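*Asks:* Quick one: sequence and predicted model below, then my questions.
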Amino acid sequence: MKVKKFDQINVLPFIDIMLVLLVVVLTTASFVAKGTIPVDLPEASSKKAPVETMKSIVIRRDGTLFFEEKEVGFEGLKRIVGSLDPKEDAILIKSDAKSSFQNFVKVIDLLKSRGFKKISIETKR
C-alpha cells in the first residue's frame, strides 16, 4: 500500500464556516443599526426618587433651558456646568417628551465633554 503525498488543503469547509459567521454578524449589525427595538423614552416602568443633592436641568417643549429652576440659555448653561465639579456633582435632566431631541443631545454632549459621569434622566411612570 502506497501512502499519498499531502499536497493541498481543502478550504471549502473553512469558506462555508466563514460565510455563516458573516451572515450572523451582518444580520445582527443591521438589526442594531436600524433601531427596530421599540423605546418610549419619556416613560419608565420603575421610578426611583432622585438624590436630593442632584443639580437639575430642565428642557421645556420650546427648547428653553432651566438650571435649578432659573432660566438660562445654552451659553449660560455652559458657564454653569463649567463651574461644577464633574466628580462630585450629579446632574438630573428633565426633558419634555415633546421637546426636540437635538436639545437633549446638546445638553448630554455638553455634560459628557466636561467629564460628568453621574447623569440621570427623570421619567414618568
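*Replies:* That came through, no problem. Residues are numbered from 1 along each chain as shown.
*Asks:* from here on, contacts and neighbour counts on C-alpha atoms
*Replies:* Will do.
*Asks:* all strands for this structure, in order.
*Replies:* 55-59, 65-67, 70-72, 91-95, 119-121 (DSSP state E).
*Asks:* Out of those, which is closest to residue 12?
*Replies:* The closest of the strands of the chain to residue 12 is strand 119-121. By Cα to Cα, the value is 51.6 Å.
*Asks:* Contacts made by that closest one with the rest, please.
*Replies:* 90, 91, 92, 93, 94, 95 (Cα atoms under 8 Å, 6 or more residues apart in numbering).
*Asks:* Looking at the residues you listed, which one is closest to residue 55?
*Replies:* residue 91 (4.9 Å).
*Asks:* Tell me the bridge partners for the closest residue to residue 77 other than its chain neighbours.
*Replies:* In this structure, residue 77 finds its nearest non-sequential neighbour in residue 67, 7.2 Å apart by Cα to Cα, 6 or more residues apart in numbering. Beta-bridge partners for residue 67, by DSSP bridges, are residue 57, residue 70.
*Asks:* Number of residues surrounding residue 67?
*Replies:* 19 (other Cα atoms under 10 Å).
*Asks:* Let me see the contact set for it.
*Replies:* 55, 56, 57, 58, 77.
*Asks:* what ranges of this protein fall below the confidence cut-off?
*Replies:* Along the chain, segments meeting pLDDT under 70 span 1, 30-52, 125.
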